[in-house]
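In: predicted model follows, preceded by the sequence.
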Amino acid sequence: MAPESSPPLESARQLLQQVGLEMAFLDPATAGGGPAGTALGGLLADLFAACASAPDPIRSLIAVARDHALRIATGSAAVIPFIDWLTGWHAWMEAAVTAWDRGQPLPAVPQIVAAGPAASPEAGSSANTAPPTVATPSVTTQAVAVPAPRRIDLDDPAGCQDVAVLPDDADPELVRLFCEDSQDLLRDIEQGVLVLETNPGDPDTLATVFRAFHTFKGNAGLMKLAAVQRLAHDVESLLDAARRGTRVLDREAIDVILAAADTFSQFVAEMNRQLEGGTPGRPLSLPVPAILSAVARLLASPPVRAPARGAVPPALPPTPHETAEQPLAANAPAPASEAVVPPPTPAAPTPAPANTPAITPPSAAASIRVDTQKLDGLIDLVGELVIAQSMVVQGTAAHRQADDHVAHALGRLRSITTDLQRTALALRMVPIRGTFQKMARLVRDTAAELGKDVRLVLEGEETELDRTVIEQIGDPLVHMIRNAIDHGIEPPAARAAAGKPPAGTIRLSAFHQGGFVVIRIADDGHGLDPARIRAKAVERGLIGADAVLDDRDALELIFAAGFSTAEQVTGLSGRGVGMDVVRRNIEGVRGKVEIDSAIGAGTTFTISMPLTLAIIEGLIVAVGDQRFVVPTLSVRESLRPLPADVSTVHGRGELINVRGRLVPLLRLGPHVGAAARAAAPADGIVVVIEAGQECRGLLVDDLLGKQEVVIKSLGETFAGRRGFAGAAILGDGRVGLILDTNTLVRLRPPVAGSAA
């Protein structure tokens with residue numbers, strides 16, 4: 001345990017914290033840095049006095065900062081270089097004071113700090129005077145010129161600093177609230193910045209993004225997060241310059257703002273992890289100095305009058321490392337929204353699409369935050385109520401009496417229970433808008449990396465899904481859209497040669513269909529070639545060279561583990577890892593994915609999922625005296641076969657002819673250990689289930705009806721059993737096991753050359 005700090009050390013810590021707060025309010029556009037510049041000189045003088053017994057490097061660097069702050073306050077030195085230097089100085093000073101307190105060796109002085117604050121030639125004759133030499137052989141100072149504008153390298157250690165994530169005296173509840181608010185603010189920032197990339201003069205969107213940064217800065221100040229607060233303040237200054245019309249938000253400015261938003265997202269994610277017990281107290285390396293330097297360069301550049309609202313900024317010649325633009329139009333009520341991503345080569349500006357909504361202001365309706373565990377508890381209780389109500393109704397029906405009053409009361413109970421269940425489930429439902437709009441940034445960055453021109457069209461953003469389903473669908477969507485850009489959309493030159501528009505289109509849509517939610521990802525690229533897929537599958541050893549597959553079965557091979565059509569491994573593709581995980585994640589939420597592709601026209605992936613994971617609609621089947629639930633989403637049809645429809649093939653087991661298609665048959669009774677009454681398929685009923693393009697017939701004794709059931713998790717008894725997805729309490733009080741149709745369909749032995 002570290003020794004308790006002495007009074008001078010405690011005073012030094014408090015003064016250093018105040019210095020950090022004043023740093024956040026230094027105004028680079030005002031002579032002397034504004035009131036914060038004047039206050040800094042006094043605070044640094046007090047800090048120097050409080051550190052009278054500190055090691056020489058600490059006192060020397062405090063003296064350098066104090067003397068330069070006084071020159072800033074008198075207008076004899078430039079503010080922007082001092083701000084850049086002071087950021088690194090403050091981070092090192094916090095670490096050095098901590099080491100001094102614990103009796104440990106001081107950390108090495110970063111080169112940017114050792115170099116000293118640079119003086120700007122614009123500040124007058126004294127601006128060319130080097131700052132005082134630090135009185136220690138390990139620290140020297142010299143004048144440093146402001147570097148030329150360059151792209152921010154977020155991975156360059158020289159532009160990063162270690163930032164404390166969780167303050168020692170942080171209130172966990174306050175930290176949790178800060179993280180929740182930050183996620184909402186960062187979502188507004190990213191969506192708004194992508195709108196501003198096309199329409200930088202839109203005052204409403206600009207004001208929304210500005211307010212988000214301002215709120216984030218205030219919250220960070222409340223949490224005593226000096227480095228984060230300072231970064232938010234500087235980006236806010238850049239946005240304020242755009243609001244006042246003195247600085248246009250060109251591509252470089254947009255990239256800087258997005259880099260700041262990404263840095264904040266990384267910080268908040270780490271704060272959440274540490275709050276949950278993941279290595280608490282560990283500092284996080286963030287590119288704060290690099291972004292602050294970039295903002296300072298932008299603010300120091302000659303003022304540029306922003307274009308009028310609706311004008312398109314002039315095309316800028318990009319460097320090979322710059323990200324391409326993804327314009328988003330604003331202020332349109334149409335249901336679909338477009339995000340246009342031009343290639344990273346200069347091109348003539350095009351009018352912004354007219355059907356992209358700007359950031360929607362928050363609803364006037366009041367709302368409160370509810371802990372998800374409490375919400376899940378409510379859903380569980382409502383489920384128990386539904387089960388109890390079904391048991392009461394069924395029990396009363398078994399002892400039917402001519403009592404109209406009881407029948408009326410039970411009908412009323414059923415109605416109220418149904419409404420309560422729907423209301424409770426609606427609390428878990430959230431629009432898919434947030435997940436969809438994240439894809440706009442993904443398309444922008446991926447298209448820029450690959451040098452392609454891509455237009456993203458969003459439809460059905462108001463479609464609601466269970467929050468758990470939305471969390472699970474995010475990663476599959478990311479991978480599928482990346483694949484669409486990488487493998488589907490052709491380069492602009494190839495599209496032009498094929499008679500297509502240079503800009504490819506990816507259409508991401510969501511809608512309700514038959515009690516389920518359908519998400520569709522469609523591109524107008526070159527499509528999937530079944531012959532090439534077969535050849536690649538043979539090359540990778542996934543199928544034999546003599547395998548007979550139709551085109552639909554060949555397309556299904558892209559979901560095989562280890563499959564890839566990429567000629568070489570890149571940062572995006574080529575390792576054969578991805579689409580198999582996509583299918584597994586989708587099936588993990590009881591969904592299914594299908595492919596439809598045409599060479600030269602494009603590819604469409606269709607994902608069907610249940611609205612919620614709390615209840616499902618199931619087909620109740622009987623095998624002997626046991627009851628099982630088959631999710632209706634997986635049921636294609638049911639039939640009573642004729643004896644002539646059933647055949648046995650060596651090595652393939654029993655097959656049933658379903659309208660000319662051979663489907664493998666699984667006798668459910670022996671598989672689950674139940675004594676089935678139907679000895680032959682013709683004596684029972686076959687339920688044809690499907691997963692993707694594969695299907696299988698389940699032989700059961702009888703169909704008992706269709707019912708919505710509440711899903712219960714299985715206990716340890718069934719932990720090692722495959723083929724079950726959960727359990728449900730039926731209306732008669734008995735437990736029915738819910739079948740995992742995805743597992744049952746793919747049971748071995750495989751049926752090569754057919755759909756199973």
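Out: Received, thanks.
In: which elements pack onto whatever helix or strand Lys374 lives in?
Out: Using DSSP states H and E, Lys374 sits within helix 372-398. Applying 3 or more Cβ pairs under 8 Å, 6 or more residues apart in numbering; DSSP states H and E, we find helix 372-398 packed against helix 404-427, strand 702-710. All C-beta atoms are positioned from the backbone trio N, CA, C, and that covers glycine.
In: pull out the buried residues from it.
Out: Ile379, Val382, Gly383, Leu385, Val386, Ile387, Gln389, Ser390, Met391, Val393 (16 or more other Cβ atoms under 10 Å).
In: likewise for stretch 451-463?
Out: Lys452, Asp453, Val454, Arg455, Leu456, Val457, Leu458, Glu459, Gly460, Glu461, Thr463.
In: how about the strands in the stretch 451-600 of the chain?
Out: Taking DSSP state E, counting those that start in this stretch, the strands of the stretch 451-600 of the chain run over residues 454-459, 464-466, 504-513, 516-523, 592-598.
In: no no, the stretch 251-400 of the chain
Out: 284-286, 337-341.
In: with the stretch 101-250 of the chain instead?
Out: Under DSSP E, counting those that start in this stretch, the stretch 101-250 of the chain gives strands at 161-163.
In: that older thread, from the buried residues of helix 372-398, which is closest to Gly88?
Out: Nearest to Gly88 among those is Ile379, at 50.2 Å by Cβ to Cβ.
In: can you give me the pLDDT of that closest one?
Out: Predicted confidence (pLDDT) for Ile379: 79.
In: that one touches Leu425, doesn't it?
Out: Yes. Counting by Cβ atoms under 8 Å, Ile379 does reach Leu425; the two are 7.0 Å apart.
In: circling back to that earlier point, can you put the strands of the stretch 451-600 of the chain in TSV and add distance to Val406 and mean pLDDT?
Out: Output for the strands of the stretch 451-600 of the chain, formatted as TSV (distance: least, Cβ to Cβ, whole Å; pLDDT from 0 to 100):
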stretch	distance to Val406	mean pLDDT
strand 454-459	49	90
strand 464-466	36	85
strand 504-513	37	90
strand 516-523	37	89
strand 592-598	43	87
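In: could I get the ones you listed as TSV with distance to Glu490?
Out: What follows is the strands of the stretch 451-600 of the chain, written out as TSV (distance: least, Cβ to Cβ, whole Å):
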stretch	distance to Glu490
strand 454-459	11
strand 464-466	32
strand 504-513	7
strand 516-523	10
strand 592-598	14
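In: which one, of the ones you listed, ends up nearest to Val581?
Out: Nearest to Val581, of the strands of the stretch 451-600 of the chain and by Cβ to Cβ, is strand 592-598 at 11.8 Å.
In: what's that closest one packed up against?
Out: For strand 592-598, the packing partners by 3+ Cβ pairs under 8 Å, 6+ apart are helix 551-556, helix 579-588, strand 602-610.
In: how about that strand: buried residues?
Out: Here strand 592-598 shows Lys592, Val593, Glu594, Ile595, Ser597 as buried, counting by 16+ other Cβ under 10 Å.
In: out of those, what pair is the most spread apart?
Out: Across those, the longest distance by Cβ to Cβ is 17.0 Å; it joins Lys592 and Ser597.
In: any low-confidence regions in the stretch 651-756 of the chain?
Out: Residues of the stretch 651-756 of the chain meeting the criterion pLDDT under 70: 651, 692-693, 715-721, 748-756.
In: quick one: the strands in it, in order.
Out: In the stretch 651-756 of the chain, the segments counted as strands under DSSP E, counting those that start in this stretch are 653-658, 661-667, 685-691, 694-700, 702-710, 724-729, 735-739.
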